[in-house]
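Novice: Next input, structure requested:
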Amino acid sequence: MPGAMTDDAPQLPPVELSDFEHALAKLAGGYSEGRVQNRPWGVTVKRSADGKRIWLYGEELGGTDVVSFNLYVLSGASLALKPCEMSSSKVVDFVLGFRPVQAKQPV
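Specialist: Next comes the predicted model:
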């Protein structure tokens, strides 16, 4: 079943899971800045060369909140979401809510 998450991942309706996967896929690799709930965040995304692992670490700029997780693509296209010391729902809400800001071009 494509896009299915393992038991320890959040139990999401297929539409929300699909939204999470699409939102994560849109995040550029490397460092970027954006906003979640009108708060500024710095986010680093790394993807493994084989595409089977995505790592994300985000810090609220000027604040103390963080978001961190690994997402593994398992056989059969199922996913294992492994949040780092936080709930899966926090991770999903963050990815769905993250809005990148465009870097200012030098004049």
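Novice: how about the helix or strand K90 falls within: buried residues?
Specialist: In the assignment (DSSP states H and E), K90 maps to helix 88-97. Of the residues in helix 88-97, S88, V91, V92, D93, F94, V95 count as buried by neighbour count, 16 or more other CB atoms under 10 Å. Yep, even glycine has a C-beta here, placed from its N, CA and C like the rest.
Novice: ok, the second one touching V67?
Specialist: Yes: because the distance of 6.2 Å satisfies CB atoms under 8 Å, V91 is recorded as touching V67.
Novice: next helix or strand past the helix holding K90?
Specialist: Next element after helix 88-97 (DSSP H and E): strand 99-100.
Novice: chain center to that following strand: distance?
Specialist: How far strand 99-100 lies from its chain's middle: 12 Å, per CA atoms, centre = their mean, to the nearest Å.
Novice: and what of stretch 83-102?
Specialist: The mean C-alpha position of stretch 83-102 is separated from the chain mean by 5 Å, CA atoms, centre = their mean.
Novice: start to end distance for that stretch?
Specialist: With CA to CA, to the nearest Å as the measure, stretch 83-102 spans 27 Å from end to end.
Novice: That stretch - what's its average pLDDT?
Specialist: Averaging pLDDT along stretch 83-102 yields 94.
Novice: Show the contacting residues for the most centrally placed residue in the chain.
Specialist: The chain has V95 as the residue nearest its centroid, 4.4 Å off, counting by CA atoms, centre = their mean. V95 is in contact with F20, A23, L24, L27, L56, counting by CB atoms under 8 Å, 6 or more residues apart in numbering.
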